[in-house]
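Q: the amino acid sequence is not available; the structure is as follows:
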């Protein structure tokens, strides 16, 4: 399996440190991002021997259920905030894109460009992202067989860019519900790139009669442990200081007060796999 280097410092892949991608679902303000980045650093720096960390947040949640749902601070302001967080915290940055014309500006700030699950087959977007030369975190669509993500990865790698992460985020199980087929992690590993597990969005309940997405954050620890037992290379986990009042995905996010305990358990399982 290929190993991916972030900033020539962090290596992601088999037998490497466990990668954590952490941060709030959407950028709410500079102050809020700064607080969470500071708290994340305070918690994770104690475990730097075992884990690496990337800061995540979205400037625009473009696929909200309802037209009037909060989407974030927008493209320009969002990138300004992420740039400040990157400089102040020293953490690498990941954020998602939605259109090709965003890529050049995002590539100036982000170390990893994320392809949203619903866009994982968009050929022009994938090729343009690949041409940026950045690491591409390719989320598997809820509707996609794990083996078929190889075709999306091939669109990125056709540009000569092999810096690809494959991200599992659950599969559709009837209407609104998602399940995680843990065989997926083995299938994704066969494609040949490091595998990330997005536990946050796999506990999501997609939409409802009132247009508000729900979720079951209480299952985050168990699903994280199970994915680590299967040998994933990284955990994508949205965290928040007040999930109940978050503008998006509050029902799926982990309260940051519970992050340290989850990391400790994750390290134990990861170390067992490395023995």
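A: Yep, it's here. None of these values were measured; they are calculated from a predicted model.
Q: ramachandran coordinates for the nearest residue to residue 112 once chain neighbours are set aside?
A: With C-beta to C-beta, 6 or more residues apart in numbering as the criterion, residue 112 has its nearest non-adjacent residue at 3.9 Å, and that residue is residue 94. No exception for glycine: its C-beta is placed from N, CA and C like everyone else's. Torsion angles at residue 94 (phi, psi; degrees, to the nearest 10) stand at phi -130, psi 140.
Q: now do residue 94 against residue 222, distance only.
A: Residue 94 sits 25 Å away from residue 222, going by C-beta to C-beta, to the nearest Å.
Q: pLDDT wise, what is residue 209 at?
A: Note for residue 209: predicted pLDDT of 54.
Q: and the helices in the chain?
A: 30-44, 75-89, 103-107, 123-131, 149-157, 183-191, 199-202, 220-229, 259-274 (DSSP state H).
Q: distance between the third one and the chain's centre?
A: I take that to be helix 103-107. Here helix 103-107 is found 18 Å from its chain centre; the criterion is C-alpha atoms, centre = their mean, to the nearest Å.
Q: for the fourth one, same thing?
A: Taking C-alpha atoms, centre = their mean, one finds the center of helix 123-131 at 19 Å from the center of the full chain.
Q: flag every buried residue along that helix.
A: Buried residues in helix 123-131, counted by 16 or more other C-beta atoms under 10 Å: 125-126, 128-131.
Q: hmm, back to that, surely the residue nearest to residue 112 touches residue 114?
A: Yes - Residue 94 is within contact range of residue 114, at 5.6 Å (criterion: C-beta atoms under 8 Å).
Q: overlap in contacts of the two?
A: 56, 137 (C-beta atoms under 8 Å, 6 or more residues apart in numbering).
Q: run a quick neighbour tally on residue 116.
A: 21 (other C-beta atoms under 10 Å).
Q: typed the wrong thing, it's residue 113
A: For residue 113, the neighbour count with other C-beta under 10 Å is 26.
Q: how about it, nearest residue that isn't a chain neighbour?
A: Spatially, and ignoring its direct neighbours in sequence, residue 113 is nearest to residue 134 (4.8 Å; C-beta to C-beta, 6+ apart).
Q: residue 123 too?
A: Per C-beta to C-beta, 6+ apart, closest to residue 123 is residue 155, 5.6 Å.
Q: can you list the strands that the helix or strand of the chain with the lowest mean pLDDT pairs with?
A: When the helices and strands of the chain are scored by mean pLDDT, DSSP states H and E, strand 214-215 comes last with a mean of 74. According to DSSP bridges, strand 214-215 has the following sheet partners: strand 204-205 (antiparallel).
Q: who's in contact with the strand it pairs with?
A: 170, 176-178, 213-216, 249, 251-252.
Q: if any of these are buried, put those into a PyMOL selection.
A: The PyMOL selection below is limited to those of the contacts of strand 204-205 classed as buried (16+ other C-beta under 10 Å):
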select buried, resi 170+178+213+214+215+249+251+252
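Q: pipe the contacts of strand 204-205 into CSV and attach distance to residue 39 per row.
A: Formatted as CSV, these follow (distance: C-beta to C-beta, whole Å):
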residue, distance to residue 39
170, 27
176, 32
177, 32
178, 28
213, 25
214, 25
215, 22
216, 24
249, 18
251, 21
252, 19
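Q: of the contacts of strand 204-205, which pair is most distant in space?
A: Spatial extent of the contacts of strand 204-205 (C-beta to C-beta) is set by the pair 177 and 249 at 16.0 Å.
Q: who does the residue nearest to residue 112 bridge with?
A: The partner residues for residue 94, given DSSP bridges, come to residue 56, residue 112.
Q: give the contact list for it.
A: Listed by C-beta under 8 Å, 6+ apart, the contact set of residue 94 reads 21, 54-56, 110-114, 137.
Q: same thing but 7 Å
A: 21, 54, 56, 110-112, 114, 137 (C-beta atoms under 7 Å, 6 or more residues apart in numbering).
Q: ok, of those, which come out buried?
A: Neighbour-count burial (16+ other C-beta under 10 Å) is assigned, among the contacts of residue 94, to 21, 54, 56, 110-112, 114, 137.
Q: many thanks, we can stop here.
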